[in-house]
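Visitor: One predicted model, sequence on top.
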Amino acid sequence: MIHPTAIVSPRAEVGAGTFIGPYSVIGDDVRLGAGVRIESHCVIDGRTLIGDETHIYPFVSVGLAPQDLKYGGEPSETRVGRRNQIREFVTIHRGTASGGMLTALGDDCLIMAQAHIAHDCTLGDHVIMANAATLAGHVAVEDGANIGAYSGVHQFCRVGREAYIGGYSVVVKDALPFALTVGNHAKCFGLNTTGMKRRNYPRETIDALRHAFHLLLAARLNTTQALEKIREEIQRVPEVDQLVRFIETSKRGVVK
């Protein structure tokens, strides 16, 4: 169903069962999957793909030009995966030549009202961004991460798998996976034990990660020494290995 007041380019691709609400505008190079629902007063433009069954609420803007003075009109893209919930007044901007030409969201994400996803950001699956959370350009958010209300993540930072960023935080380095990171400027308060239990991680994994975070944050070791201790004392735990790789591959340093 396309409401008679909506403006949909004849070049746009609209999947079966898609709903486009009143006064929404769909641009030339937009592709909408099957079962997409776009409520009233939305603007979807640029080279943009919206995956199946994604629900976009009123006054959302997806795929417009980035807020980057270096952007020169290059034909960059925006890709939104399947079954996402994108709430009121969210803005998601297309990529740039300096960032891979792509802004991308995975599947099953919840992007709450007034959140902003800037150019060249990549989000994994099952990411939650609470109200007015903001990602500056080139931010990478891994699967299952949760970014609290009114928090800001600096350009080129990473947010690790299942990380929890508390509300009103300012993140200027990489936020560790599985961790609680809170404050302005943000600090790491150790393992997100509650989140791990809710996701049904086995007790052995939780204990191993808790020990790893103790070595990183409380054992009076520098990061290099802590990683050496983690390798010596904790073996064959995939989540700990992922934590170590995340730190070793950091370019901005990690929040401790």
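Guide: Everything's here; your move.
Visitor: make it CA atoms for all contacts and neighbour counts henceforth
Guide: Noted.
Visitor: In the helix ranked longest in the chain, which residues are buried?
Guide: Longest helix in the chain, counting residues (DSSP state H): helix 203-217. The neighbour-count check on helix 203-217 (16 or more other C-alpha atoms under 10 Å) flags 206, 208, 209, 210, 211, 212, 213, 214, 215, 216, 217 as buried.
Visitor: Next up, the contacts around residue 165.
Guide: 146, 147, 148, 151, 175, 180, 181, 182 (C-alpha atoms under 8 Å, 6 or more residues apart in numbering).
Visitor: Point out the ones among the residues you listed that are inside strands.
Guide: 146, 147, 180, 181, 182 (DSSP state E).
Visitor: rewinding a little: got the angle between the helix or strand immediately after the longest helix of the chain in the chain and helix 203-217?
Guide: Later in the chain than helix 203-217, the nearest helix or strand by DSSP states H and E is helix 223-233. When axes from the mean of the first three to the mean of the last three C-alpha atoms, to 10 degrees is applied, the directions of helix 223-233 and helix 203-217 differ by 150 degrees.
Visitor: how distant is helix 223-233 from the center of its chain?
Guide: Relative to the chain's own centre, helix 223-233 is displaced by 29 Å; criterion: C-alpha atoms, centre = their mean, to the nearest Å.
Visitor: which helices and strands sit right next to that helix?
Guide: Contact analysis of helix 223-233 by 3 or more C-alpha pairs under 8 Å, 6 or more residues apart in numbering; DSSP states H and E lists helix 203-217 as its packing neighbours.
Visitor: partner residues bridging the most centrally placed residue in the chain?
Guide: Most central in the chain under C-alpha atoms, centre = their mean is residue 123, positioned 3.5 Å from the mean C-alpha point. Under DSSP bridges, the beta-bridge partners of residue 123 are residue 141.
Visitor: Quick check: it vs residue 35, distance?
Guide: From residue 123 over to residue 35 the distance is 22 Å, taken as C-alpha to C-alpha, to the nearest Å.
Visitor: now residue 16
Guide: Computed with C-alpha to C-alpha, the distance linking residue 16 and residue 35 is 6 Å.
Visitor: Hmm, residue 228 and residue 216 touching each other?
Guide: No: if you go by C-alpha atoms under 8 Å, residue 216 and residue 228 don't touch, sitting 10.3 Å apart.
Visitor: How many residues are close by residue 231?
Guide: 14 (other C-alpha atoms under 10 Å).
Visitor: same question, the one 4 residues further on
Guide: Residues within reach of residue 235, counting by other C-alpha under 10 Å, total 11.
Visitor: separation between residue 135 and residue 169?
Guide: 12 Å.
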